[in-house]
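J.: Okay, structure incoming, though there's no sequence with it:
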């Protein structure tokens, strides 16, 4: 028996409308290197490149569907050959019942790829028949009929998150100045312009919110203490709920007028609080280099 190769590769296929695009995104969230609609003849070259020591790819997921020309004629032979060569190949087959698939195509107003001049249900039945052999060979068959997108992500995580891995929420904190515009990618936004501004204190103006004197000026305000207490409590309540719903990334913006004093201090304090809870936190002071 050949030695097992280093790359775990999951091929995702199944019925059109069964959720392949969503599932590939969920694999990305689990750290898989993902490619959608890879032509089957390119599969051997892809796994060969992944297995090279310089690629640093240890797990990959590929979306392959019947829209690819010569799909059925090539795929199973290629899949079996790669397995015989020692590659860690898995086949995930997605499906749903006819009623759900018809409804999904109706909602998206997309034509079924095999319907041609017939109805959607004709295309679904033809595709189900064509993929019957592929379904029999699957390592895992997942019926997505009764899952909404969050439940589907939870199921994929349950099956494919490897032992020892954690699917923690990745939190990004951004301090910014309103006069330079609000960052476009925020999930939560807090305005701290209600706090007294160190920029109007002559000895503090040239400093930033990272300096202990500025941070002391900000946190000595009774309103700041109350705000931080409420902010910590709000996020301690909210973040576990985001994780429970399968959210992988959360970006929180803290804004003040110029983005150099109050917002910087608050972001640094919030970062320390979240890290003390064992959370992964990235932070950026967007406008720290702007002129005061």
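T.: Structure received. Just so you know, these numbers come straight off a predicted model, no measurement behind them.

J.: Go ahead and confirm residue 255 touches residue 263.
T.: Yes - taking contacts as CB atoms under 8 Å, residue 255 lies within contact range of residue 263: 5.6 Å. Glycine gets a C-beta too; all of them are placed from N, C-alpha and C.

J.: list residues touching both of these two?
T.: 175-177, 192 (CB atoms under 8 Å, 6 or more residues apart in numbering).

J.: now residue 125: how far from residue 138?
T.: 19 Å (CB to CB, to the nearest Å).

J.: In the stretch 101-250 of the chain, where is pLDDT below threshold?
T.: For the stretch 101-250 of the chain, applying pLDDT under 70 flags the ranges 163-167, 246.

J.: the helices in it, which residues?
T.: Using DSSP state H, counting those that start in this stretch, the helices of the stretch 101-250 of the chain run over 120-130, 132-136, 149-160, 212-219, 222-244.

J.: Against the centre of this protein, work out the most remote residue.
T.: Most distant from the centre of the chain: residue 202, at 45.2 Å, with distances by CA atoms, centre = their mean.

J.: and this protein, what are its domains?
T.: Domains of the chain are assigned by the TED database as 8-160, 170-285.

J.: Output those as TSV; include the columns distance to residue 291.
T.: As requested, the domains of the chain are arranged in TSV below (distance: least, CB to CB, whole Å):
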stretch	distance to residue 291
domain 8-160	39
domain 170-285	9
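
J.: Which of the shared contacts of residue 255 and residue 263 fall within strands?
T.: If you go by DSSP state E, the shared contacts of residue 255 and residue 263 have 175-177 in strands.

J.: show me the contacts for residue 32.
T.: 10, 59-61, 160.

J.: hmm, try it at 6 Å
T.: Applying CB atoms under 6 Å, 6 or more residues apart in numbering, one finds that residue 32 lies in contact with 59-61.
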